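Asker: Sequence and computational prediction follow.
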Amino acid sequence: MVARIRYEDIVKAPKALLHDHLDGGLRPATIVDLAAEVGHELPTTDPVALGGWFVAAADSGSLERYLETFAHTVAVMQTASALRRVARECALDLAADGVVYAEVRFAPEQHLERDLTLDEVVEAVLAGFVEGSALAAEAGTPIRVGTLLTAMRHAARSQEIAELAVRHRDHGVVGFDIAGAEAGFPPTRHLDAFEYLQRENFHFTIHAGEAFGLPSIWQAIQWCGADRLGHGVRIVDDITGGPEPVLGRLAAYVRDKRIPLELCPSSNVQTGAVASIAEHPIGLLRDLRFRVTVNTDNRLMSGTSMSREMALLCEAFGYGWREVQWFTINAMKSAFIPFDQRLQIIDEVIKPAYAKLLA
Ligand SMILES: O=c1[nH]cnc2c1ncn2[C@H]1C[C@H](O)[C@@H](CO)O1
Ligand SMILES: [Zn+2]
């Protein structure tokens with residue numbers, strides 16, 4: 001057991017985040033403002049109560065019911081100015097929490113209810129991230145934000161979204177993803193999109209192994225060619241526990257190939273994928289040296305932050321700075337930006353800060 005680390009020190013320590021949804025991280029007060037502008041009815045217009053409502057409603061034990069709460073965030077993200085504001089605030093909030101590198105994802109196809117085109121949606125979000133990052137640097141908390149474009153797995157627009165991502169690859173879009181209800185919507189439905197992205201030498205992650213188990217992970221990796229797994233927590237179903245855990249062929253492949261797992265502890269508890277933080281397989285997966293990363297998934301729906309996720313793990317598993325650094329470097333190594341840029345953040349930002357914390 002290591003000496004407990006203070007929450008405010010976790011906030012100050014540099015962290016890297018690979019799995020965070022733009023439409024799952026709005027400030028409650030912003031939702032209230034934007035809803036008033038467009039006449040969208042909310043469960044409550046008190047920002048504090050609204051924040052509580054999201055956490056309680058998402059705390060449902062089912063991914064499908066958890067996802068229903070996004071109706072209220074997506075509804076207020078239908079204009080260029082709203083998208084830009086939400087992205088700007090997202091960059092600022094992450095930076096204030098000590099996140100130095102973030103990949104934030106959203107599904108452009110969900111923001112076409114007014115009169116925006118897919119390209120305009122992406123341009124508004126990218127502009128918001130640029131603004132937010134500039135303001136964060138001025139505030140002394142620099143952050144780099146990369147964008148992932150998500151296609152919804154129940155819909156049929158993945159090829160179009162993949163092409164959109166490639167079109168914006170030199171302007172801040174660093175990868176592609178699919179999300180939404182997992183059961184009944186295997187990733188192989190979107191094989192054309194994944195094959196296209198591979199031909200374009202582009203990067204992608206796939207939500208897999210969250211609400212559904214090994215077949216989904218196997219398809220994501222062996223059929224679709226995913227670079228990373230969004231969640232991937234159910235890979236433990238292929239590991240026999242006990243004092244000497246035994247890895248099945250798929251688990252061994254994931255570990256051997258160093259395929260990053262974008263684990264999201266609080267989100268998993270809310271959707272019922274895992275019973276509690278203390279029972280989260282992250283402990284086992286870390287002990288077995290999988291390429292584990294720690295993520296927020298949806299800060300609004302989980303009432304969380306990157307620092308809070310780290311703190312919960314420190315509390316539950318007795319982790320200290322060594323483990324927080326390990327998760328952070330794992331995430332940075334697994335980022336979709338070019339290798340030299342990842343290395344620069346590791347060598348110039350992450351390692352020097354943790355060297356001080358570990359001293
Ligand atoms: O954890 C998740 N699993 C599957 N889909 C998700 C998760 N979190 C958010 N989403 C969905 C709802 C959002 O509207 C969409 C794009 O961000 O992605
Ligand atoms: Zn997610």
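Answerer: Yep, that arrived. Residues are numbered from 1 along each chain as shown. Ligands and ions are numbered 1, 2, ... in the order given.
Asker: For the helix or strand of the chain at the bottom of the mean pLDDT ranking, buried residues please.
Answerer: Among the secondary structure pieces of the chain, namely its helices and strands, helix 63-68 has the lowest mean (mean pLDDT, DSSP states H and E), a mean of 91. The neighbour-count criterion (16 or more other CB atoms under 10 Å) identifies Leu63, Tyr66, Leu67 as the buried residues of helix 63-68. The way it works is simple: take the backbone N, C-alpha and C, and place the C-beta from them, glycine included.
Asker: next one: stretch 143-157
Answerer: Residues of stretch 143-157 classed as buried: 143-153, 155, 157 (neighbour count, 16+ other CB under 10 Å).
Asker: what's the answer for stretch 14-25, then?
Answerer: Taking 16+ other CB under 10 Å as the basis for neighbour counts, the residues of stretch 14-25 that come out buried are Pro14, Lys15, Ala16, Leu17, Leu18, His19, Asp20, His21, Leu22, Asp23, Gly24, Gly25.
Asker: of these, list those near ligand 1.
Answerer: His21, Asp23, Gly24 (CB under 6 Å from any ligand atom).
Asker: which one of these is nearest ligand 1?
Answerer: Distance to ligand 1 across these (CB to the nearest ligand atom) is lowest for His21, with 3.8 Å.
Asker: For that closest one, give its distance to Leu250.
Answerer: When distance is defined by CB to CB, to the nearest Å, His21 is 26 Å away from Leu250.
Asker: now do Tyr66
Answerer: From Tyr66 across to Leu250, the span is 26 Å (CB to CB).
Asker: can you tell me which residues contact the residue in the stretch 101-250 of the chain that ligand 1 sits nearest to?
Answerer: With CB to the nearest ligand atom as the measure, the residue in the stretch 101-250 of the chain that lies nearest ligand 1 is Ala179; the distance is 3.5 Å. For Ala179, the contacting residues are His21, Arg105, Ala107, Thr150, Ala151, Met152, Arg153, His207, Gly230, by CB atoms under 8 Å, 6 or more residues apart in numbering.
Asker: if we can go back for a sec, mind putting the buried residues of stretch 143-157 in JSON lines, pLDDT, secondary structure and distance to Ala193 included?
Answerer: What follows is these, written out as JSON lines (pLDDT from 0 to 100; DSSP: H, G, I helix; E, B strand; the rest coil; distance: CB to CB, whole Å):
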{"residue": "Ile143", "pLDDT": "98", "secondary structure": "coil", "distance to Ala193": "29"}
{"residue": "Arg144", "pLDDT": "98", "secondary structure": "strand", "distance to Ala193": "26"}
{"residue": "Val145", "pLDDT": "98", "secondary structure": "strand", "distance to Ala193": "24"}
{"residue": "Gly146", "pLDDT": "98", "secondary structure": "strand", "distance to Ala193": "19"}
{"residue": "Thr147", "pLDDT": "99", "secondary structure": "strand", "distance to Ala193": "17"}
{"residue": "Leu148", "pLDDT": "99", "secondary structure": "strand", "distance to Ala193": "14"}
{"residue": "Leu149", "pLDDT": "99", "secondary structure": "strand", "distance to Ala193": "11"}
{"residue": "Thr150", "pLDDT": "98", "secondary structure": "strand", "distance to Ala193": "11"}
{"residue": "Ala151", "pLDDT": "98", "secondary structure": "strand", "distance to Ala193": "7"}
{"residue": "Met152", "pLDDT": "98", "secondary structure": "strand", "distance to Ala193": "12"}
{"residue": "Arg153", "pLDDT": "95", "secondary structure": "coil", "distance to Ala193": "11"}
{"residue": "Ala155", "pLDDT": "95", "secondary structure": "coil", "distance to Ala193": "11"}
{"residue": "Arg157", "pLDDT": "97", "secondary structure": "coil", "distance to Ala193": "9"}
